[in-house]
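Asker: Quick one, fold the following:
(one chain, ligands or ions: 2)
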Amino acid sequence: MNLIPTEFDPAYIASKVTAGSQMYSVELSSKDPMKSVLENNPEIYFVPPKRSSEWGQWEFKPGAYYDTTTGSKHPYWNDKDLPIPSKDINRLRSDMLKWGYCKIEDALSPDQVSTIRQRVLEQAEGERLAGIAQKTPSGQNINCCINKGQCFEGLIEQSPSVVQGGALVEQLVTEALGSNWICTSLIASISLKGGVPQALHQDQDIALDSRSPLTINILTPITDIDETNGGTLVIPGSHLVLSDAVRNQKSVDKLPPAINIDAKAGTMIITDGRLLHSTGINHTESPRIVMLNGMQHPLIRQQENWMLSVKPEVVKRASPKLLQRMGYQATNAAQTNEGHGFGASGSIDEATGSIAEFRLAADRGEYLRVGELGPSSTEQELKAPFTLRDVVAKARAGQQSAPVGIGGTKINP
Ligand SMILES: O=C(O)CCC(=O)C(=O)O
Ligand SMILES: [Fe+2]
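Answerer: Ligands and ions are numbered 1, 2, ... in the order given. Got it, this is the predicted structure:
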């Protein structure tokens, strides 16, 4: 009889799991840096969301993090040279490094803003009428914008026809994240009167001790924003304070106060993923719209499941750049498809890493995966038109090396 060794018995294993015996328990259970942020800054707390029936009825606590104004009107901040709207790359770089955000002036022209504004407002209304509006504690979000208007495709790929300042924005993002960064999601964040302020948070969910950001968020106000209508709340410089604290295993002490970002519609605000921020309070009757277009290191799992959610016609017409940005280019460590993609770098239009053909085949109902094979497989089974065969043949035909296994150079750290 084949007896399973006792050491593999779940009850036996459980008996060996005692307090203090587990590897990395201290590291994995750490709630830093937010634990000490909350302990040492009582004005920062979670405002419980309200349901529709109680919309607008929440307790505003004077002195809380959201009880604030713009930097130029704030007594603590008004002489501190906070980020200013600029097209000067050096100013933008230094704002980003020092304060954790920068403001690219007129990144969208007034016409470009109005195209997006109209589409967002119509979609928001449509989703409400359809009974599928995605309500948030602050208002309403429109998720997966990629499927909801061609202008959003251009917004994600920073195409000059949709984002006149796209080239400058991309240069800054590349400097912050390294090359071959990808998009995590594109969401319209609508803040409405009566909503509660979002909890202050960091978008970067991992490696909070990192010395450079692994994620950034491109916030694009589509309505002017300020302290009256829920301009995004930020604590300038918190990206450094919090990451330094985690790296040095110290607690975060008293933080400076939050401010509302003020910006004209069409400004693009790049925020470092480690910066503390949240949606502010809209005190006006008009919806406040900010597009949230997060970008990230290509090895981090994306917020939107682009492989499944993007409409077939969008995948079909997507440019190589848009495909790459949505994550349809594999690297050794991410998104290889049946082995196709090993040795690839994740760059745009790289045949050895392109996985879009698999998705397109699936859309046609023709994706044939390689399954169980062996010496007794029939001739027909062995000669089956596996999609992998096709994709690899195309990659080879392009004179590029076929999937070869790990060994390529890493483009990103
Ligand atoms: O709506 C905003 O201003 C910011 C929203 C945000 O930070 C988020 O949803 O992660
Ligand atoms: Fe956020």
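Asker: Enumerate the residues of the protein near ligand 1.
Answerer: For the chain, the residues in contact with ligand 1 (C-beta under 6 Å from any ligand atom) are 189, 198, 203, 232, 277-279, 290, 292. C-beta coordinates here come from the backbone N, C-alpha and C atoms, glycine included.
Asker: Are any of these buried, and if so which?
Answerer: Listed as buried from these are 189, 198, 203, 232, 277-279, 290, 292; burial here means 16 or more other C-beta atoms under 10 Å.
Asker: CSV for those, including pLDDT and secondary structure?
Answerer: Shown next, in CSV, are these (pLDDT from 0 to 100; DSSP: H, G, I helix; E, B strand; the rest coil):
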residue, pLDDT, secondary structure
S189, 98, strand
Q198, 96, coil
D203, 97, coil
T232, 98, coil
H277, 98, strand
S278, 98, strand
T279, 98, coil
V290, 98, strand
L292, 98, strand
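Asker: Pairing-wise in the sheet, spell out the partners of S278.
Answerer: L233 (DSSP bridges).
Asker: Do a quick rundown of the helices in the chain.
Answerer: 10-15, 25-29, 34-40, 89-99, 110-129, 150-156, 166-177, 238-247, 306-309, 312-317, 320-326, 356-363, 379-382, 387-397 (DSSP state H).
Asker: Pipe the ones you listed into JSON lines and attach mean neighbour count and mean pLDDT per row.
Answerer: Conversion of those to JSON lines gives the following (neighbours: other C-beta atoms under 10 Å; pLDDT from 0 to 100):
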{"stretch": "helix 10-15", "mean neighbour count": "9", "mean pLDDT": "97"}
{"stretch": "helix 25-29", "mean neighbour count": "9", "mean pLDDT": "90"}
{"stretch": "helix 34-40", "mean neighbour count": "16", "mean pLDDT": "97"}
{"stretch": "helix 89-99", "mean neighbour count": "18", "mean pLDDT": "98"}
{"stretch": "helix 110-129", "mean neighbour count": "16", "mean pLDDT": "98"}
{"stretch": "helix 150-156", "mean neighbour count": "21", "mean pLDDT": "98"}
{"stretch": "helix 166-177", "mean neighbour count": "17", "mean pLDDT": "98"}
{"stretch": "helix 238-247", "mean neighbour count": "20", "mean pLDDT": "98"}
{"stretch": "helix 306-309", "mean neighbour count": "16", "mean pLDDT": "98"}
{"stretch": "helix 312-317", "mean neighbour count": "14", "mean pLDDT": "98"}
{"stretch": "helix 320-326", "mean neighbour count": "21", "mean pLDDT": "98"}
{"stretch": "helix 356-363", "mean neighbour count": "17", "mean pLDDT": "98"}
{"stretch": "helix 379-382", "mean neighbour count": "9", "mean pLDDT": "97"}
{"stretch": "helix 387-397", "mean neighbour count": "17", "mean pLDDT": "92"}
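Asker: of the ones you listed, which approaches I348 most closely?
Answerer: Minimum separation from I348 across the helices of the chain (C-beta to C-beta) falls at helix 320-326, 4.4 Å.
Asker: one step back: tell me the two of the buried ones among the residues of the chain next to ligand 1 that are most distant?
Answerer: Using C-beta to C-beta, the two most remote members of these are D203 and V290, lying 13.3 Å apart.
Asker: what's the nearest residue to D349 if we skip its chain neighbours?
Answerer: Counting by C-beta to C-beta, 6 or more residues apart in numbering, P320 is the residue found nearest to D349 once chain neighbours are left out, at 3.9 Å.
Asker: which residues sit in contact with that neighbour?
Answerer: With contacts defined as C-beta atoms under 8 Å, 6 or more residues apart in numbering, P320 is in contact with 348-349, 354.
Asker: what does N143 give?
Answerer: By C-beta under 8 Å, 6+ apart, the contact list for N143 reads 134, 185, 187, 304.
Asker: Please look at the third one and M291 and confirm they touch.
Answerer: Yes - I187 is in contact with M291 according to C-beta atoms under 8 Å; the separation is 7.4 Å.
Asker: Look at those two and report which has more neighbours.
Answerer: In this comparison of I187 against M291, neighbours counted by other C-beta atoms under 10 Å, the higher total goes to M291 at 23 against 20.
Asker: surely the more buried one meets L186?
Answerer: Yes - at 6.8 Å, M291 and L186 qualify as touching, with contact defined as C-beta under 8 Å.
Asker: show me what contacts the closest residue to S243 other than its chain neighbours?
Answerer: The shortest distance from S243 to any residue that is not its chain neighbour, by C-beta to C-beta, 6+ apart, is 5.1 Å, and that residue is R274. Contacts for R274 were tallied using C-beta under 8 Å, 6+ apart; they are 100, 202, 204, 208, 210, 213, 238-240, 242-243.
Asker: what number of residues lie near the spatially closest residue to L38 that is not a sequence neighbour?
Answerer: Counting by C-beta to C-beta, 6+ apart, I44 is the residue found nearest to L38 once chain neighbours are left out, at 6.1 Å. I44 has 20 neighbouring residues, counting by other C-beta under 10 Å.
Asker: For the remainder of this discussion, apply numbering that starts at 29.
Answerer: With 29 as the first residue, the last one maps to I72.
Asker: picking up where we left off before, so which of the contacts of P348 wins on neighbours?
Answerer: So for the contacts of P348 (other C-beta under 10 Å), the most neighbours sit at S382, 25 neighbours.
Asker: Could you verify my assumption that it touches A346?
Answerer: No - S382 lies out of contact with A346 (C-beta under 8 Å); the separation is 11.4 Å.
Asker: Pull up the overlap in contacts between the two.
Answerer: Counting by C-beta under 8 Å, 6+ apart, the common neighbours of S382 and A346 are Y356.
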